[in-house]
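Novice: this one's structure only:
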Ligand SMILES: Cc1cc2nc3c(=O)[nH]c(=O)nc-3n(C[C@H](O)[C@H](O)[C@H](O)COP(=O)(O)OP(=O)(O)OC[C@H]3O[C@@H](n4cnc5c(N)ncnc54)[C@H](O)[C@@H]3O)c2cc1C
Ligand SMILES: Cc1cc2nc3c(=O)[nH]c(=O)nc-3n(C[C@H](O)[C@H](O)[C@H](O)COP(=O)(O)OP(=O)(O)OC[C@H]3O[C@@H](n4cnc5c(N)ncnc54)[C@H](O)[C@@H]3O)c2cc1C
């Protein structure tokens, strides 16, 4: 390989010295906020993106549906990403690709590195929109050998879309979240024929109609089944399963899909508070972090939502940033919301002020759950419902009043359901 | 001679079989002494056997059997590593270790272990009572009773070290052949003809450093072997970088007869690891990850450091120790101009330089010398090629300009680092080899973000491609 810096990493000779706003990450959330702020004329808005091209996850995702909410038409991921980038640029946003943010500092100020070396950029406000990534094989404790051919959906799509490389022909897909069906569609478009989709619990995680896709494509969907062991030395030669279908498939790959987690590597070494439930930053209903000069939106807040949702979230958190810049939204630590029985919740704090950017409490459970979900404000239930919920699925409650003294989200389990 | 040209007809002084850490160190020692050495490795790349997965501790030898060859070589290897690491660009993280007693019985065993350490020349051990221990490691589980500190147990990069040894060997004229298993050989009274798929290698003497295949290579070449390899698997759980701060020392248990036990320690790349297990198996090739065992490791890790429960796992891996029926190294001089350096079980990373020195110093007169008058070798001028630093113990490439951008974002591996690892006489020959040289895809996302770019830069480069040929 001939090494060429210019091909990969555009020189960022002219990083603005004092932008009004720095946005970290150029996915739907970051670009939506950047566009809104630039259109409002707050001063220079720059987006820092570590990949070679901007657009976030959608730029590799060659299938629909994208764009309904934002552009009112059905688009593929790459077309959607290009449209978001074009719109941001038209609004005056400067996007710097090939720039890694390496550290978040008070000020606010971010440390970066790129081909020209390390640098620091100070701003009036910073938004974090670094997205989420799928759990790895290691995090899911999948046993066996470690050959090539075990990939996440994201890696698979990037390999196919950027390189035109087909890493396997007959893989097994693990998981039945929305993204798992994205993996299935990607395979189909690339001429890869998955041998099976397997799901550890008793039923498909994604809602219909995606759940019907395997049947339509004639691919067995094996529920109550897990991967016991990956076989093969250099390449995958087989997948051994456990559970309802304790069988072996002579597959040549494994796609480990879903169980997203926030791409929050910058948080632990920063001054910002990280929420143990979501793994992302702790925010209030304006998307404000524990340091009110930092905001966050998109899948960094909570795994995982659609591009359209993240885009809308980016816009409304962008509005809150605009109000902050204009001085009409004052910083206030607010009140932390208590919780029991649920695994994650966003926002985690409620601060004084109207027109929230996050207008609902978004909740997740860790295990299939059934019970009474209630929002307790100052000792009484103000909202609630009987719930039957699966992990990875969205559950919402109305946002509590900002003037409460004590707020708690409570899930009282009837019983825990087995898989 | 490049690795791709046909094997030369002329005679080598020594052929080393096996490019594990031991073979690399041996090749270095003999090449620097002036011998004509060729290193033959059957795998796509070096470090594909026992040396591909270990705990990366530079041991002092404090707990080795007193008076053993192992004790001597570990001590000598430790000293030489500290002497040369700067000149080769190799990192060392001077953490020190604590041998921790968790039960009354273990506490009672501490004085004898400290005495053993002193007999092994490790005189700087000292005792820590419960209070002192808690002060030294506030994150330890409540059951920790007492400990002793071994200040000079350190952490190193288990792959950069052998890579540097071999790089230096090659700078002194050593030849390397990968994808080159020795499949047969014959000794004619003065020298050897070794059979490989790449042709015949003629050499005066042979060193068998075949690790997990040491006994098989002895059998193959000599028709006998005085030991049998009994592979002993060790599984590990690696935690993400924020866990690095949970402990500063290497946390060792009181060792049992068969194993050093479950260790918790940092890695030179800024992670924290828990492991290894010690599981006997027949298979010499595959170290299978077993979720139930890994879960138990994780739970043990959480007993040692309760805060680990809040931390993310980055990776799982397993290695195979070339153990034998005895604890001691199996080093044998054979009359057929051959030395076997076998059964380098669980301390080879630390001992490699010491072992190489030991074999060189004791190199039998007449091994490959017709006249029996010394070796006849003239040492070339010594050079010190540096290997790139990929550890957190020194400055990283991404911190300097011109790096071409980041390819692997979790481990902050630059385009320039990857390009460098794919060029030169010791260029990576497999994805695994590239990972060991640069750490690409070895971070928390395990390739989610960089697989595509990696596919591009390695397309057509490896003998074992990232994607199948027919893909
Ligand atoms: C395989 C797959 C298929 C999908 N299919 C659909 C679909 O069909 N329809 C749909 O609506 N949604 C789909 N989604 C979901 C959708 O793509 C995401 O919800 C959306 O992209 C999230 O937007 P985001 O802005 O939060 O983050 P992302 O799109 O993830 O963007 C984050 C960006 O931040 C950058 N970044 C991260 N860290 C740093 C740093 N330190 N420095 C600089 N830059 C950084 C990243 O490189 C990335 O470009 C899919 C997701 C996946 C993974
Ligand atoms: C779990 C675990 C933890 C450990 N922790 C530590 C530690 O913390 N500190 C420490 O000092 N040590 C540690 N060790 C020990 C250390 O890793 C080993 O002692 C060392 O790697 C042995 O190296 P070797 O060169 O002898 O064998 P190997 O690395 O196995 O090298 C032998 C090579 O020979 C090649 N080969 C075999 N047959 C042929 C043939 N016919 N022709 C050509 N080539 C052939 C193989 O492919 C292989 O590359 C640990 C080991 C394990 C498994």
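Specialist: On my side now, so go ahead. Keep in mind it's a predicted model, so treat the numbers as computed, not measured. Ligands and ions are numbered 1, 2, ... in the order given.
Novice: in the stretch 151-300 of chain B, which ranges drop under the pLDDT threshold?
Specialist: Residues of the stretch 151-300 of chain B meeting the criterion pLDDT under 70: B:258-259.
Novice: quick one: the residue in it positioned nearest to ligand 1 from residue B:272, how far?
Specialist: Nearest residue of the stretch 151-300 of chain B to ligand 1 (Cβ to the nearest ligand atom) works out as residue B:241 at 13.8 Å. Every residue, glycine included, has its C-beta placed from N, CA and C. As judged by Cβ to Cβ, to the nearest Å, residue B:241 and residue B:272 stand 8 Å apart.
Novice: repeat for residue B:265
Specialist: Counting by Cβ to Cβ, the gap from residue B:265 to residue B:272 is 7 Å.
Novice: now do the shared contacts for the two.
Specialist: residue B:247 (Cβ atoms under 8 Å, 6 or more residues apart in numbering or on different chains).
Novice: what's the neighbour count on residue A:343?
Specialist: 16 (other Cβ atoms under 10 Å in any protein chain shown).
Novice: do residue B:129 as well
Specialist: 12.
Novice: any idea of the pLDDT on it?
Specialist: On the pLDDT scale, residue B:129 is placed at 98.
Novice: quick check: nearest residue in space to it, chain neighbours excluded?
Specialist: residue B:146 (5.6 Å; Cβ to Cβ, 6 or more residues apart in numbering or on different chains).
Novice: would stretch A:288-306 count as contacting ligand 1?
Specialist: Yes: judged by Cβ under 6 Å from any ligand atom, stretch A:288-306 comes into contact with ligand 1 at A:298-299, A:305-306.
Novice: ok, so of the residues you listed, who is nearest ligand 2?
Specialist: residue A:299 (37.0 Å).
Novice: the longest helix seen in chain B: which residues count as buried?
Specialist: In terms of residue count, the longest helix belonging to chain B (DSSP state H) is helix B:69-88. Buried positions in helix B:69-88, judged by neighbour count with 16 or more other Cβ atoms under 10 Å in any protein chain shown: B:69-78, B:80-81, B:84-85, B:88.
Novice: looking at residue B:241 and residue B:272, which has the bigger crowd around it?
Specialist: A count of neighbours by other Cβ under 10 Å puts residue B:272 above the other of residue B:241 and residue B:272, at 25 against 22.
Novice: just give the nearest non-adjacent residue to the more buried one, would you?
Specialist: Once flanking residues are discounted, residue B:272 sits nearest to residue B:243: 4.0 Å by Cβ to Cβ, 6+ apart.
Novice: looking at this, the one you found is in a helix?
Specialist: Yes: applying DSSP: H, G, I helix; E, B strand; the rest coil, one finds residue B:243 inside a helix.
Novice: can you tell me how far it is from residue A:293?
Specialist: Distance check for residue B:243 against residue A:293: by Cβ to Cβ, it reads 28 Å.
Novice: okay, the two: which has more neighbours?
Specialist: residue B:243 (26 against 17).
Novice: before we move on, the earlier item: give me the residues contacting the longest helix of chain B.
Specialist: In contact with helix B:69-88 (Cβ under 8 Å, 6+ apart) are residues B:58-61, B:64-65, B:90-92, B:120-122, B:152, B:156, B:161, B:164-165, B:167-168, B:327-329, B:331, B:347, B:350-355, B:357-358, B:384-387.
Novice: separate out the buried members of these.
Specialist: Neighbour-count burial (16+ other Cβ under 10 Å) applied to these gives B:58-61, B:64, B:90-92, B:120, B:122, B:152, B:156, B:161, B:164-165, B:167-168, B:329, B:331, B:347, B:350-355, B:357-358, B:387.
Novice: keep only those of those that are in helices.
Specialist: Checked against DSSP H, those include these in helices: B:161, B:164-165, B:167-168, B:350-355, B:357-358.
Novice: returning to that earlier point: from the buried ones among the contacts of helix B:69-88, list the ones also adjacent to ligand 2.
Specialist: Applying Cβ under 6 Å from any ligand atom to those, those adjacent to ligand 2 are B:59, B:347, B:350.
Novice: can you pull out the helices in the stretch 151-300 of chain A?
Specialist: A:153-158, A:178-189, A:213-217 (DSSP state H, counting those that start in this stretch).
Novice: please identify the most buried of those.
Specialist: Highest mean neighbour count of these: helix A:153-158, a mean of 28 (counted as mean count of other Cβ atoms under 10 Å in any protein chain shown).
Novice: against which helices or strands is it packed?
Specialist: Counting contacts by 3 or more Cβ pairs under 8 Å, 6 or more residues apart in numbering or on different chains; DSSP states H and E, helix A:153-158 packs against helix A:178-189, helix B:451-458.
Novice: what's the spacing between the longest helix seen in chain A and its chain's center?
Specialist: Among the segments of chain A that qualify as a helix by DSSP H, the longest is helix A:307-326. Relative to the centre of its chain, helix A:307-326 is centred 16 Å away, using Cα atoms, centre = their mean, to the nearest Å.
Novice: same check on stretch B:46-59?
Specialist: The chain centroid and the centroid of stretch B:46-59 are separated by 3 Å under Cα atoms, centre = their mean.
Novice: which bits of the stretch 51-200 of chain A sit near ligand 1?
Specialist: Within the stretch 51-200 of chain A, the positions near ligand 1 by Cβ under 6 Å from any ligand atom are A:51, A:56-58, A:61, A:65-66, A:100-101, A:129-131, A:153-154, A:157, A:179, A:182.
Novice: for PyMOL, what selects the buried ones among those?
Specialist: Buried members of these, defined by 16+ other Cβ under 10 Å, are picked up in PyMOL with:
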select buried, chain A and resi 51+56+57+58+61+66+100+101+129+130+131+153+154+157+179+182
